[in-house]
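In: Quick one: sequence and predicted model below, then my questions.
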Amino acid sequence: MDINRIVDLDKAAFGDKRSNFLKNRINQSEQCIVAKDNNGKILGYGLSIRGSVNLILGPIVAPDHETATLILDKLAFGHQGKLRIDVPKSNDQFMLFLEQSGFNKVSEPPIMVINSENLPPRNNTLFGIAAQIFG
């Protein structure tokens, strides 16, 4: 029921519509969390995917770093193993929160595109990407 709103939020955050990808990723997820306002409107969402080594947190889409932090907290709550989140470079406040929470920055891979000069326009609401391969 919420998938259409999630797809719309993701399109604005990522810069392209990823309906099939999101549906598949939600089916793979251990958790799918949505953040709603007082009227029940979805403001953001986050997924956790159990990998072979880490619980992968992402994508996380939220209107601000505070909401992204709450989503991350719910996704990670109670997990005793390793956590991984890939964060777009433009989220300094969120990165600071992660570092203060014990996360370590281990790499900064370049973003590469083909047949384009730039990434599609994004609205700065993508706080955690699905995985480096997916964005």
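Out: Yep, that arrived.
In: how would you label the residue of the chain positioned farthest from its centre: helix, strand or coil?
Out: For the chain, the C-alpha farthest from the mean C-alpha position belongs to Asn115; by Cα atoms, centre = their mean, that distance is 25.5 Å. Three-state call for Asn115 (DSSP: H, G, I helix; E, B strand; the rest coil): coil.
In: So what does it look like in phi/psi?
Out: Main-chain torsions, Asn115, degrees, to the nearest 10: phi 60, psi 30.
In: Then the one 10 residues further on?
Out: Here the main-chain torsion angles of Thr125 (degrees, to the nearest 10) amount to phi -110, psi 10.
In: What of Thr69?
Out: Residue torsions, per degrees, to the nearest 10, at Thr69 are phi -60, psi -40.
In: number of nearby residues for it?
Out: By other Cβ atoms under 10 Å, the residues close to Thr69 number 18. (C-beta placed from N, C-alpha, C; glycine too.)
In: do Ala12 as well
Out: Neighbours of Ala12 (other Cβ under 10 Å): 16.
In: okay, it: pLDDT?
Out: In this model, Ala12 is scored at 95, pLDDT.
In: Fine, thanks again, bye for now.
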